[in-house]
Every structure is written in C-alpha cells, then in structure tokens.
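Asker: requesting a structural model of the entry that follows:
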Amino acid sequence: EIVYTSVSGIPGFSTITMIRNRLLLITFTLAIIAIPLPSFAKALTVGVFPRSGVEKTVTAYTPLIEYVARQSGFDIRLDVPPDMPSFWKRLSAGEYDIAHMNQYHYVRSHFEKGYVVILKNEEFGKDTIASALWVREDSPVRTLADLRGKWVVLGGGRQAMVASIMATDMLEQAGLESQDYFSRSTLHPLEALKSLYYRQADAAGVGDVADRMPGVKKLFGNDRLRMVARSEPVTHLPWGVSSRLDDSTVRAIKSAFLSLNDSMKGKRLLKAVNLTAIRPATDREYNEHREIILRVLDENYYVQKDSQ
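Answerer: I've put the predicted structure just below:
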C-alpha cells in the first residue's frame, strides 16, 4: 500500500517518489564521475622561439596564447627561452607540446622527435618568406661578389633558417665559400642589423622584409637599408605539435589558432605578433627547406615514410 504524505506542504508527493528521485540523483552523479577525463588533464606547454628577443616575445604572445587556451579548452602555458640554442635544447628534449619554431628546427625535430607541422605564419599578406643580404644605403657593396674579404653578420645563429642557412646558400651560389669572407652570428636577427647600423659589419643576413619591421624602422630612422640579394621564397615559419598529442587535441588546438583569423579581436592579437593571418600547413611544404639544409650543412632530414 502506498502511503501519500505531504513534503514541503505539497500534497500528493509520495515517499516512494522521494526515494526514486534520490536514486536517480545518485545514478546521475555517478555517471558524471565515470566520464573519462581528456587525455591531457595537465597543462600543455607551447614554446615560442625568441625571434624578437625574450621580453618582446613574451609581451606580444601572452594574450594570443591565452586566447587559444580559452578557445580550445586547454590550459596552455607559454615558454620563451633566452636564445635560439636554449630553445633548441628544450625542443629536442621534447619539452613542448606545441612549438612555434623556425624551419630548420621543424624539419630536424620532425626527423628526430616526430613533431608534426599544423600551421604556418602569414606576414605582410604572404605565407612565404625569403632570405636577404642587406647593406647600408651608403655602402659600396653592389653585388654578392663585392662581399669577398668583407664582414657578413648572420642573425640568429647557425640554426637560423632564413637569416643564416639561406643567406649562406646565396653566398655559395654566388661562388663565395666560407673562407672568402669573414662571418659571425648574433643571437637574434635584430642584433645583426644593429651591427650593420653601427658599421660593425659590411652586410647582414636576415629576412627580406626586415626593413618593414617596427624595431628596424625605429633603429635606422631616416637612414636606409639596401637589399643586395634576395633568395627564392620558401614556406613561412611553422607551428608544430608533439606526436604525444591525440588527434582530438590537435584538432582543437588547430581550430583555436585558425579562429584568430575570423574576428576583430583575433586579428588584433595576430597584429601584435606581426602576423596578418595564420594558415594551415603540411610537412611536404618544408621539403624545399630540407634541400637547402642538405646543400649548406650536409644534414639530411628527409624521412622516407613521409607522404603528407
């Protein structure tokens, strides 16, 4: 026999109804607890190479990474090492789940650690970049051959794809071997241009849009730079992910980055890091870099199984 009682003054509410509802609540709670957690409950770490120096890079990229974290639903932490060698040490140790790197870093980390490119930069409306050798406007240097016996400073160190490896490739293609000119490297591309500004070098190897970068305009003022040589353009700077990440995580991260292109807020964040957009990328686009690296450094990062 069902005995009806009054609960909270509501006639007709049965004790059995209360018991049934409590059982349903317990079952629902247990179901929630049983839902599997995402494969990455811990924070993801994104490493960004210090292309413009540490302080500027941290200031510019922090809001962008916070946006991507919110959009993707993951806790993402930014790491900017003090220089290129430190960045490579952390990348090669597999410390990064996501990495924004130069093209040399990518093809080597893909070969050695399995990082996979998902995105690439677009700067000044182009998703390609070229190397260039620059001199001061008043320099007597007119061709690469004129750099024989001169000082050439390469920005970013030996592993800098555009400023060092590709610049060296241009010099070699012009018939200049390493013994034909004096060379040194700087930690960052801007430092190479500072050497040029203070007449500590006859030419600087950096990117082909160096004269349009805000820091360079501030440095040189009304003094002008002149481009002596420019390489063929190659695919722009990549963003890669660790092979540890599962497909759903990679899709969420990639989608969050690409959403930056679709709103005024996102475009402002991109502008703060000197990007006009961020685009999808595949590994095959970096074969041209592998060829240049093989030619200049005699390092082979082709992976036979790659078919992307």
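Asker: okay, CA-based contacts and neighbour counts for the rest of this
Answerer: Fine.
Asker: what sits against the most centrally placed residue in the chain?
Answerer: Within the chain, one residue has its C-alpha closest to the average C-alpha position: by CA atoms, centre = their mean, that is residue 100, at 1.9 Å. Contacts for residue 100 (CA atoms under 8 Å, 6 or more residues apart in numbering) come out as 46, 47, 48, 49, 237, 238, 239, 240.
Asker: report the two of these separated the most.
Answerer: Spanning the widest gap among the contacts of residue 100 are 46 and 237, at 15.1 Å by CA to CA.
Asker: so residue 260 makes contact with residue 267?
Answerer: Yes. Contact criterion CA atoms under 8 Å: residue 260 and residue 267 qualify, at 6.0 Å.
Asker: which residues are common contacts for these two?
Answerer: Common neighbours of residue 260 and residue 267 are listed as residue 277 (criterion: CA under 8 Å, 6+ apart).
Asker: higher neighbour count, these two?
Answerer: Regarding residue 260 and residue 267, a neighbour count based on other CA atoms under 10 Å identifies residue 260 as having more, with 21 against 18.
Asker: dump the residue contacts of the closest residue to the more buried one other than its chain neighbours.
Answerer: Once flanking residues are discounted, residue 260 sits nearest to residue 266: 4.0 Å by CA to CA, 6 or more residues apart in numbering. For residue 266, the contacting residues are 64, 259, 260, taking CA under 8 Å, 6+ apart as the criterion.
Asker: buried set for the helix or strand hosting residue 266?
Answerer: Using DSSP states H and E, residue 266 maps to helix 264-272. Going by neighbour count (16 or more other CA atoms under 10 Å), the buried part of helix 264-272 is 266, 267, 268, 269, 270, 272.
Asker: what's the burial count for the residue nearest to the last one when sequence neighbours are not counted?
Answerer: What that stands for is residue 272. Setting aside the residues directly before and after it, residue 272 is nearest to residue 60 in space (CA to CA, 6+ apart), at 5.7 Å. Applying other CA under 10 Å, we find 18 residues neighbouring residue 60.
Asker: now do residue 167
Answerer: Number of residues near residue 167 (other CA under 10 Å) recorded here: 28.
Asker: next: residue 262.
Answerer: Other residues close to residue 262 by other CA under 10 Å number 10.
Asker: re earlier: residue 46 and residue 237: which is more packed in?
Answerer: When neighbours are counted by other CA under 10 Å, residue 237 comes out ahead of the other of residue 46 and residue 237, with 26 against 21.
Asker: could I get the contacting residues of the more buried one?
Answerer: With contacts defined as CA under 8 Å, 6+ apart, residue 237 is in contact with 100, 101, 102, 103, 120, 121.
Asker: can you tell me which of the contacts of residue 100 is nearest residue 70?
Answerer: The nearest one, if we look at those relative to residue 70 and count by CA to CA, is residue 46, at 14.3 Å.
Asker: verify the stated contact: that closest one with residue 101.
Answerer: No. Between residue 46 and residue 101 there is no contact, the gap being 10.5 Å when judged by CA under 8 Å.
Asker: please enumerate the strands of the stretch 151-300 of the chain.
Answerer: Listed in chain order, the strands found in the stretch 151-300 of the chain under DSSP state E, counting those that start in this stretch are 151-155, 182-186, 203-207, 225-230, 234-235, 238-241, 277-280.
Asker: those strands: which one's closest to residue 217?
Answerer: strand 225-230 (9.9 Å).
Asker: tell me the angle the closest one makes with strand 203-207.
Answerer: Interaxial angle of strand 225-230 relative to strand 203-207 (axes from the mean of the first three to the mean of the last three CA atoms, to 10 degrees): 80 degrees.
Asker: partner strands of strand 225-230 and their direction?
Answerer: strand 131-136 (antiparallel) (DSSP bridges).
Asker: pull the strand it pairs with out as CSV, backbone CA atoms only.
Answerer: Taking Å, rounded to 0.1, in the frame of the first residue of the first chain, the C-alpha atoms of strand 131-136 are listed here in CSV:
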residue,chain,number,x,y,z
SER,A,131,66.3,35.5,-47.1
ALA,A,132,68.1,38.7,-48.0
LEU,A,133,71.5,40.2,-47.6
TRP,A,134,71.3,43.9,-46.6
VAL,A,135,73.8,46.7,-46.6
ARG,A,136,73.6,50.4,-45.6
